[in-house]
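Asker: this is a predicted model, with the sequence first.
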Amino acid sequence: MIAGLASGIEGVSARYAAQIQELLYVQTIRRMVADQEAARAQARADEAHRREDERARAVEVEAVKVDVDAKAAAAAASEDKPAKQPEPQEAKSPPPAPVPPAQIFDVKA
């Protein structure tokens, strides 16, 4: 009779151990999923912050102010000569690589 009680206790404790193990596994999986979601949310927030900084920098850039002399511009436009084009430069080839001295050897040897 005592043997029957002992086996019954072992069965109950084995079930409790399995339930605890399953509970720990589920909690671990939930924690991993929550960590992944938090990392994704942080990445989205960082990206939004970076884009907002880029927009702010783009707005801060001032327009370039150019002072044009109207008389000089009119004189340049009224000239009959076309603007001088730069002369094309000839492409320079790199110097040839040094050639090693030839070696003589006997093929029949």
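Answerer: Yes, it's here.

Asker: mind checking the pLDDT average for the lengthiest helix in the chain?
Answerer: Longest among the helix segments of the chain by residue count, using DSSP state H, is helix 2-60. The predicted model gives helix 2-60 an average pLDDT of 85.

Asker: and what of stretch 95-109?
Answerer: Stretch 95-109 comes out at a mean pLDDT of 68.

Asker: picking up where we left off before, packing partners of the longest helix of the chain?
Answerer: Helices and strands touching helix 2-60, by 3 or more Cβ pairs under 8 Å, 6 or more residues apart in numbering; DSSP states H and E: there are none. In short, each C-beta sits where N, CA and C put it, glycine included.

Asker: how far away is Val98 from Glu47?
Answerer: Rather than Val, residue 98 is Pro. 54 Å (Cβ to Cβ, to the nearest Å).

Asker: between the two, who's got more neighbours?
Answerer: Glu47 (10 against 6; other Cβ atoms under 10 Å).

Asker: residues in contact with that one?
Answerer: Residues in contact with Glu47 (Cβ atoms under 8 Å, 6 or more residues apart in numbering): none are found.

Asker: gap between it and Ala56?
Answerer: The gap separating Glu47 from Ala56 is 15 Å, by Cβ to Cβ.

Asker: can you check Val12 too?
Answerer: Distance from Val12 to Ala56, by Cβ to Cβ: 65 Å.

Asker: what would stretch 39-57 look like as PDB? C-alpha coordinates only.
Answerer: Provided in PDB are the C-alpha atoms of stretch 39-57 (Å, rounded to 0.1, in the frame of the first residue of the first chain):
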ATOM      1  CA  ALA A  39      13.300  47.100 -30.000                       C
ATOM      2  CA  ARG A  40      11.100  47.600 -33.100                       C
ATOM      3  CA  ALA A  41       9.300  50.500 -31.500                       C
ATOM      4  CA  GLN A  42      12.600  52.100 -30.500                       C
ATOM      5  CA  ALA A  43      14.000  51.700 -34.000                       C
ATOM      6  CA  ARG A  44      10.900  53.400 -35.400                       C
ATOM      7  CA  ALA A  45      11.200  56.200 -32.900                       C
ATOM      8  CA  ASP A  46      14.900  56.700 -33.700                       C
ATOM      9  CA  GLU A  47      14.100  56.700 -37.500                       C
ATOM     10  CA  ALA A  48      11.400  59.300 -37.000                       C
ATOM     11  CA  HIS A  49      13.700  61.400 -34.900                       C
ATOM     12  CA  ARG A  50      16.400  61.200 -37.500                       C
ATOM     13  CA  ARG A  51      14.000  62.300 -40.300                       C
ATOM     14  CA  GLU A  52      12.700  65.200 -38.200                       C
ATOM     15  CA  ASP A  53      16.300  66.300 -37.600                       C
ATOM     16  CA  GLU A  54      16.900  66.200 -41.400                       C
ATOM     17  CA  ARG A  55      13.800  68.200 -42.100                       C
ATOM     18  CA  ALA A  56      14.800  70.800 -39.500                       C
ATOM     19  CA  ARG A  57      18.300  71.100 -41.000                       C
END
